[in-house]
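1. Let me see the structure of the following:
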Amino acid sequence: MKRFTVGKQLGDVSDETLRFYRQIGVEEVTMPSRLTMTVTPSRPLVPPPQPGMERPQPPAWRESELAQIRERIESFDLIPTAISLPISANVIQGRAGRDADLESICRSLEVAGRIGLSVATYGFGALRASEGYYLRAGEGRGGSSLRAFDAARIEGLPPLPNVGRISREEIWENLVYFLKTVVPIAESAGLRLAAHFNDPPVPEFRGVGQALRTVDDFKRLIEVVDSPANSVFIDTGGFTEMGENAAEVIRYFGERDRIGTVHFRNVRVEIPYLRYTETFLEDGDCDVLACAQAFADVGYTGMIDPDHTPGISGDTTDHWIGWAYTVGQLIALRTAVYH
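-> Predicted coordinates for the structure are as follows:
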């Protein structure tokens, strides 16, 4: 029986990291694009504010390096499936140099396809509203720490001098230009592009519109270029933040074969889009069992990554206790829906 797989995004390919994730039941991974051999800490529970840096386009991926990373991952009985695709400010903001950066992106996609990857994930936002996050230290179950978001914390913040004001429709025009350029390349390379939503899903941040913040935005996305290579990065917590029924969203995109990959998490929502708290998998408003069942019903056989974990006392810098806990839950959910 074909089933969805248990996945995890890797920050490094050290022996310790690869051995740990395989031991707790991870099967497929999103691999890094650089050969990093030491354990790298995860991002902090509350991400720092974005300075609005230039975000230049990195050089196209080197096939020899990606092949080495892939082989190392496979030697630990893990399957490298996906990779995160960086996108420059020139592309997102439609600035001079965009076409040269898109050429570099296309060459990277061709390399990823040649080494056998099947998904390239990306975000398309000029700024992330991370200044709205705050820490609820010790407020979770048993004194665990939780990350929360409140849009009131970002109200009235001025545009950044090196970004300025960019309307939502300007971002959309740039997104359409990006898709029409790269989707045919991804398709010929055997890759799915998987677009992640603008998280947090506020309408605007520091004068910059957010293009992918609603379910309707994603419906519009897959209609712009009609191809399985133009897919959605499903995030159960993200769609719950929007006040949506995440299982219904899964069914909509799954029945159209437009799910690229998945983040699996949960939140408690006070005001959709604007105020919520990230929680343990079983402790939020999203019906995670219904979501797992929806993935099974639509025949999704790709990777599901239990993204985000509350802060557990005594955890490692890479949150290994939290990941072990959520991976175990995901395996149990899969057993239940395929039983």
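2. For the residue most central in space within the chain, which non-adjacent residue is closest in space?
-> Centroid check for the chain by C-alpha atoms, centre = their mean gives H196 as the closest residue, at 5.2 Å. The spatially closest residue to H196, leaving aside those adjacent along the chain, is F233, at 4.1 Å (C-beta to C-beta, 6 or more residues apart in numbering). Every C-beta, even on glycine, is put in place using the N, C-alpha and C of the backbone.
3. Same check on M37?
-> S14 (5.5 Å).
4. what about the one you found, distance to L66?
-> For S14, the distance to L66 equals 17 Å [C-beta to C-beta, to the nearest Å].
5. which residues does the residue nearest to H196 contact?
-> By C-beta atoms under 8 Å, 6 or more residues apart in numbering, the contact list for F233 reads 121, 194-197, 260-263.
6. Can you pick out the residue with more neighbours from S14 and L66?
-> Between S14 and L66, counted using other C-beta atoms under 10 Å, L66 has the larger neighbour count: 24 against 16.
7. Return the distance of the more buried one relative to V232.
-> Distance from L66 to V232, by C-beta to C-beta: 24 Å.
8. can you tell me which of the contacts of F233 are in strands?
-> 121, 194-196, 260-263 (DSSP state E).
9. Save these as a markdown table, and put in distance to A294 too.
-> Output for the ones in strands among the contacts of F233, formatted as a markdown table (distance: C-beta to C-beta, whole Å):
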| residue | distance to A294 |
| --- | --- |
| T121 | 20 |
| A194 | 17 |
| A195 | 19 |
| H196 | 19 |
| G260 | 16 |
| T261 | 15 |
| V262 | 11 |
| H263 | 15 |
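10. Quick one, which of those are buried?
-> 121, 194-196, 260-263 (16 or more other C-beta atoms under 10 Å).
11. Do I have it right that P200 meets L127?
-> No: in this structure P200 lies outside contact range of L127 using C-beta atoms under 8 Å: 11.1 Å.
12. Shouldn't the residue nearest to H196 be within a helix?
-> No: F233 is assigned strand when assessed by DSSP: H, G, I helix; E, B strand; the rest coil, not a helix.
13. who's it bridged to?
-> Following DSSP bridges, F233 is listed with bridge partners T261.
14. Would you mind measuring from it to T335?
-> 25 Å.
15. repeat for S144
-> Taking C-beta to C-beta, one finds S144 at 26 Å from T335.
16. who's more crowded, those two?
-> Neighbours were counted for S144 and for T335 using other C-beta under 10 Å; S144 has more, 20 against 11.
17. show me the residues around the more buried one that make contact.
-> 138, 280, 310-313.
18. Just among those, which is most surrounded?
-> P310 (24 neighbours).
19. quick one: pLDDT of it?
-> Per-residue pLDDT puts P310 at 95.
20. show me what contacts it?
-> Here P310 is in contact with 45, 140, 144-147, 278-280, 322 (C-beta under 8 Å, 6+ apart).
21. Give me the distance between the closest residue to it other than its chain neighbours and Y134.
-> Once flanking residues are discounted, P310 sits nearest to S144: 4.8 Å by C-beta to C-beta, 6+ apart. Going from S144 to Y134 by C-beta to C-beta gives 15 Å.
22. So which residues of the stretch 201-339 of the chain form strands?
-> 204-205, 208-209, 230-235, 259-263, 266-271, 275-279, 303-305 (DSSP state E, counting those that start in this stretch).
23. how far off strand 259-263 does the third one point, in degrees?
-> Which is strand 230-235. Inter-element angle recorded for strand 230-235 and strand 259-263: 20 degrees (by axes from the mean of the first three to the mean of the last three C-alpha atoms, to 10 degrees).
24. average pLDDT for strand 230-235?
-> 98.
25. how far does that strand sit from the chain's center?
-> Taking C-alpha atoms, centre = their mean, to the nearest Å, one finds the center of strand 230-235 at 9 Å from the center of the full chain.
26. again, but for the first one
-> Put simply, strand 204-205 sits 20 Å off its chain's centre (C-alpha atoms, centre = their mean).
27. What strands line up against that strand, and which way round?
-> strand 208-209 (antiparallel).
28. Show residues contacting the strand it pairs with.
-> 125-127, 159, 163, 165-171, 203.
29. Is there a neighbour count for the residue lying closest to R256 once chain neighbours are set aside? I'd like the number.
-> Closest residue to R256 apart from its sequence neighbours, by C-beta to C-beta, 6+ apart: I222 at 7.0 Å. Residues contacting I222 under the criterion other C-beta under 10 Å number 19.
30. Much appreciated, bye for now.
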